[in-house]
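Asker: return atomic coordinates for the entry below.
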Amino acid sequence: MRLKGWKRASLGQQEGTRPKLRKGDEVLVICGKDRGRRGKVVSVNAKKWTAIVEHINEYKKHQKARRAGETSGIITVAMPIHISNVMVIDKSSNRPSRVGRKEVGDEHLRYAKRSGQLIDSKQ
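Answerer: Predicted coordinates for the structure are as follows:
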């Protein structure tokens with residue numbers, strides 16, 4: 001889906017860019033009801049620029065039993081949070097950092113701007 005100029009800018013994304021957040025990253029929530037809490041990224045939706053972080057932004061859902069034998073009840077569901085509301089934790093300093101991309105050899109790797117250390121390991 002192609003968005004018009006003002007709508008694209010309001011989402012905080014531009015065509016041809018991708019989020020600098022990946023599954024497995026440890027992040028710190030910088031705004032919202034869970035501000036100051038840390039968690040691990042479970043999944044990232046690049047089209048909507050959202051991420052699901054474990055134990056962050058959890059809501060209660062009333063679930064009805066669908067089949068015979070299943071129990072109905074209230075379950076806890078992790079809801080997505082916008083990527084602009086989290087910061088990646090720098091592993092060397094254990095503090096939040098912005099993320100940059102640099103070319104190492106023939107591939108682009110992410111690095112923490114606070115310390116300059118690579119986030120991605122070459123494999």
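Asker: what about the strands in this protein?
Answerer: 26-29, 38-45, 50-53, 58-63, 73-78, 81-82, 86-90, 95-97, 99-104, 107-112 (DSSP state E).
Asker: residue 31 contacts residue 86, doesn't it?
Answerer: No. Under the criterion of CB atoms under 8 Å, residue 31 makes no contact with residue 86, lying 9.1 Å away. C-betas here are computed from N, CA, C, even on glycine.
Asker: which one of those two is surrounded by more residues?
Answerer: residue 86 (25 against 12; other CB atoms under 10 Å).
Asker: the more buried one: what's it in contact with?
Answerer: 21, 27-30, 51, 53 (CB atoms under 8 Å, 6 or more residues apart in numbering).
Asker: give me the buried subset of these.
Answerer: With neighbours counted by 16 or more other CB atoms under 10 Å, the contacts of residue 86 contain buried members at 21, 27-29, 51, 53.
Asker: may I ask which of those comes out lowest in pLDDT?
Answerer: Within the set of the buried ones among the contacts of residue 86, pLDDT is lowest for residue 21 (93).
Asker: can you tell me how far that residue is from residue 62?
Answerer: Note on residue 21: its distance to residue 62, by CB to CB, to the nearest Å, is 31 Å.
Asker: which residue is nearest the centroid of this structure?
Answerer: The chain has residue 51 as the residue nearest its centroid, 3.6 Å off, counting by CA atoms, centre = their mean.
Asker: hmm, it is touching residue 21, no?
Answerer: Yes. The criterion here is CB under 8 Å, and residue 51 meets it with residue 21 at 5.7 Å.
Asker: joint contacts of the two?
Answerer: Common neighbours of residue 51 and residue 21 (CB under 8 Å, 6+ apart) are 27, 41, 44, 83, 86.
Asker: tell me the contacts of the second one?
Answerer: Looking back up the chat, that one is residue 41. Neighbours of residue 41 in contact, by CB under 8 Å, 6+ apart: 21-27, 51-53.
Asker: cool, and residue 34?
Answerer: Applying CB under 8 Å, 6+ apart, the residues near residue 34 are 56-57, 81.
Asker: now residue 114: closest residue in space that isn't a chain neighbour?
Answerer: residue 97 (3.7 Å; CB to CB, 6 or more residues apart in numbering).
Asker: understood, closing this out.
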